[in-house]
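**Q** From the sequence below, what's the structure:
(one chain, ligands or ions: 1)
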Amino acid sequence: MPDRNSAAHRAMAAAVARMPDPVSYQETALLETDLVAAFGTCRAVAVSSGTAAITTALAACGIGEGHEVLLPAVTVVMTVAAVAACGARPVFVDSAADGRGMDLNDLAAKTGPATRAVVAVHLAGRTDGIHDLAAYTRATGLRLIEDACQAQGTTSGGRQAGTIGDMGCFSLKDGKLLACGEGGYLLTDNTDLAARAAAYRTHWQSDAPDAPAGTHLGVNFRLAEPLAALARHHLTRFPEALAQRREQAAALHRAVDGTPGLEPITAAAGEEPNGYAALWRLTLPDPRAFAARLAQAGVPNSTGTHRLTAAHLHPACSRFASGDLPHARVTVDALLAVPFTEHDTDEAIHRRALTIRREAVRWTR
Ligand SMILES: *Cc1c(COP(=O)(O)O)cnc(C)c1O
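**A** Numbers count the residues shown, from 1 in each chain. Here you go, the predicted model:
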């Protein structure tokens, strides 16, 4: 323990005194009000991470032991982990043949009596197929949860990604478009689900409809108050961050245009992506090895750097798999998603473009 009169102790005490009040959760409440205003939903619930947001959404929908949740095989491990954390069984759905969104026939074939929800994952800021999916879940009475961690600011048919289904889940981890180090939030127009999510987040210490405080077990998925204050600050600059990412993605697409073996993946009709990543479908041989080569050469990307693998083939998730999902595997392997950060300069983007062009030409020679 530091001496109470030491300079270090006094500095720590002064820092604590400057921090937001940790008991009232005032900054969290203000952040939720600001998110509601920014995204135009009825409610926002701030949580400690994007994974916590997905877990909380599933818990708010009453999903747990004995239930099944449909999700695309083209996803990151966090989505799968959130479903497993609730005690439900993840059921992987194949991609559409063109790689855009889920195969609705496979989705329908895998919908059974234990199915409670579909989690749509908007990888690289793209929401392909979300409106058809929403029509399907409405018709079948399933919940639709959007993993919009990479899709902050994307709009589709004039609607914000993450506000089309029952609940939208977002991450505030550094590297996402809106960030405060670590954190997450949920958006919903359903006030009952919002109350259940808020109760679950804080040990069910608050009331929800038909579930008063203290009647259920929750968890601690609270967002720390200093991080909520930071997120509020960054939210005021979100429009500029969004414009910057869109410009970065457009610039890299322009500079790589015409390179053999790279087909740009254009936005779906009616969609304005957030520019989270520049996106191509690789048509050159052994695309995963090519993406790994690009990563080595200084171009960070989904498969080469982050080892994105279709969930049914991922060593940590394959125990949930049942049968081959051929389109999902091909879609992931052929995907080249190059993400941006706010620190990527025009010069850095230009250098990446030159590297991609050079390596693609070498690869096909
Ligand atoms: C980042 C991310 C998550 C998880 O967010 P964390 O804040 O790291 O828990 C989940 N899904 C997708 C698609 C993501 O990109």
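
**Q** List the contacts of the residue in the stretch 1-150 of the chain that the ligand sits nearest to.
**A** For the stretch 1-150 of the chain, the nearest residue to the ligand under the criterion CB to the nearest ligand atom is Gly50, separated by 2.4 Å. In short, each C-beta sits where N, CA and C put it, glycine included. Taking CB atoms under 8 Å, 6 or more residues apart in numbering as the criterion, Gly50 is in contact with Met78, Asp147, Cys149, Cys169, Phe170, Ser171, Leu172, Lys173, Lys176, Gly184.

**Q** Quick check: pLDDT value at the residue at minimal distance from the centre of the chain.
**A** Here the mean C-alpha position of the chain is nearest to the C-alpha of Cys149 (CA atoms, centre = their mean), at a distance of 2.0 Å. Cys149 is assigned a predicted lDDT (pLDDT) of 98.

**Q** repeat for Ala13
**A** Ala13 carries a pLDDT score of 62 in this model.

**Q** Could you look up the next helix or strand downstream of the lowest-mean-pLDDT helix or strand in the chain?
**A** In the chain, the helix or strand scored least confidently by mean pLDDT, DSSP states H and E is helix 7-18, which has a mean of 63. Counting by DSSP states H and E, the element after helix 7-18 in chain order, helix or strand, is helix 26-39.

**Q** and this structure, what are its domains?
**A** If the domains of the chain are taken from automatic domain parsing, they occupy 7-235, 238-363, with pieces of a single domain joined by a plus sign.

**Q** and among those, the most buried is which?
**A** Among the domains of the chain, the stretch with the highest mean neighbour count (mean count of other CB atoms under 10 Å) is domain 7-235, at a mean of 20.

**Q** Mind telling me what element Asp106 is part of?
**A** Counting by DSSP H and E, the element that carries Asp106 is helix 104-110.

**Q** For that helix, which helices and strands make contact with it?
**A** If contacts are counted by 3 or more CB pairs under 8 Å, 6 or more residues apart in numbering; DSSP states H and E, helix 104-110 sits against strand 89-93, helix 130-140.

**Q** Put together a markdown table for those, with mean pLDDT and distance to the ligand on each row.
**A** Converted to a markdown table, these look like this (pLDDT from 0 to 100; distance: least, CB to the nearest ligand atom, whole Å):
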| stretch | mean pLDDT | distance to the ligand |
| --- | --- | --- |
| strand 89-93 | 98 | 13 |
| helix 130-140 | 98 | 14 |
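
**Q** closest to Thr202 out of those?
**A** Thr202 sits nearest to strand 89-93 of all these, at 26.2 Å, using CB to CB.

**Q** what's next to that closest one, contact-wise?
**A** The contact list for strand 89-93 (CB under 8 Å, 6+ apart) reads 67-73, 80, 83-84, 102-103, 106-107, 110, 114-115, 310-312, 317, 320-322, 325, 328.

**Q** Just the ones of the residues you listed in strands?
**A** If you go by DSSP state E, these have Glu68, Val69, Leu70, Leu71, Pro72, Thr115 in strands.

**Q** Could you double-check that the second one sits in contact with Val121?
**A** No. When contacts are counted by CB atoms under 8 Å, Val69 is not listed as touching Val121 (11.8 Å).

**Q** ok, back up a step: show the model's pLDDT score for the nearest residue to the residue of the stretch 1-150 of the chain closest to the ligand once chain neighbours are set aside.
**A** Take Gly50 and drop its neighbours on the chain: the residue closest to it by CB to CB, 6 or more residues apart in numbering is Ser171, 2.7 Å away. The predicted local confidence for Ser171 comes out at a pLDDT of 98.

**Q** Do me a favour and get the backbone dihedrals for Ser171.
**A** Taking degrees, to the nearest 10, you get phi -110, psi 140 for the backbone angles of Ser171.

**Q** does it really touch Gly162, like I thought?
**A** No. Contact criterion CB under 8 Å: Ser171 and Gly162 do not qualify, at 11.0 Å.

**Q** For Ala268, list the residues it contacts.
**A** If you count contacts by CB under 8 Å, 6+ apart, Ala268 has them with Arg100, Arg126, Thr127, Asp128, Gly129, Ser156.
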